[in-house]
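[1] Need coordinates for the below:
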Amino acid sequence: MKNEEPQIKELAERDVACVSFTGNYVGNAQVFANLFNKLGEWAAPRGLMGPETVFLSAYQDDPETTPPDELTLECCMSIPAGTEVDGDIRKKVLPGGRYVVMHAELEGPEEYGKAWEMLAEWIQRSGQEMVDMSRPSYEVYLNNPEEHPAKHHIIEICMSVKKR
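    Numbering: from 1, shown residues only. Purely as a prediction, here's the structure:
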């Protein structure tokens, strides 16, 4: 895993379409694949997928304190304002605000947990910020690992924080 030094940033809110899952998603790549496939099958025929489309996963719960079967995951994609949704697809606004953002290149899905731990440790060491569970934290996917020569996952982890 390669990662850059985390930075504190003010992120803008995002209009997204999303599908949700409640249950133990930790370490289960198939859950993510199923949700993103469902989102893609909805978006592609509507012409909503292009080079500017941002895909991300939003997390409201802390896996350290929430029982695994109660964890909620939302797989999302950016959409233009005013986009209509239907079926299992929901529309929401992901809140903006103060986030610690870390750019990382992961060798595979098994490194996601370690990357989140590194970011949480950085926040704790900084002494200036604390995790803000009133807003979701998320992963922004910057590439398709299937198209990377070494199948690496290039992401930004955005953890919601507030000043102590």
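
[2] now stretch 150-164: mean pLDDT?
    Averaged over stretch 150-164, pLDDT sits at 94.

[3] what are the ranges of the helices in this structure?
    29-43, 112-126 (DSSP state H).

[4] can you put these in TSV and add mean neighbour count and mean pLDDT?
    Backbone N, C-alpha and C define where each C-beta goes, glycine included. Shown next, in TSV, are the helices of the chain (neighbours: other Cβ atoms under 10 Å; pLDDT from 0 to 100):
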stretch	mean neighbour count	mean pLDDT
helix 29-43	15	95
helix 112-126	15	92
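
[5] closest one to Asn3 among those helices?
    helix 112-126 (6.5 Å; Cβ to Cβ).

[6] coming back round to it: now the helices of the chain in CSV, please, with extra columns for distance to Asp61.
    Shown next, in CSV, are the helices of the chain (distance: least, Cβ to Cβ, whole Å):
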stretch, distance to Asp61
helix 29-43, 14
helix 112-126, 13
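
[7] Run a quick neighbour tally on Thr83.
    Thr83: 15 surrounding residues under other Cβ atoms under 10 Å.

[8] same question, the one 5 residues further on
    For Asp88, the tally of surrounding residues (other Cβ under 10 Å) stands at 12.

[9] quick thing: my sequence starts at 558, can you match it?
    Yep, numbering from 558; the last one is Asp645 now.

[10] Please tell me how far the nearest residue to it once chain neighbours are set aside sits from Asn701.
    Nearest residue to Asp645, sequence neighbours excluded (Cβ to Cβ, 6 or more residues apart in numbering): Val576, at 5.6 Å. From Val576 across to Asn701, the span is 18 Å (Cβ to Cβ, to the nearest Å).
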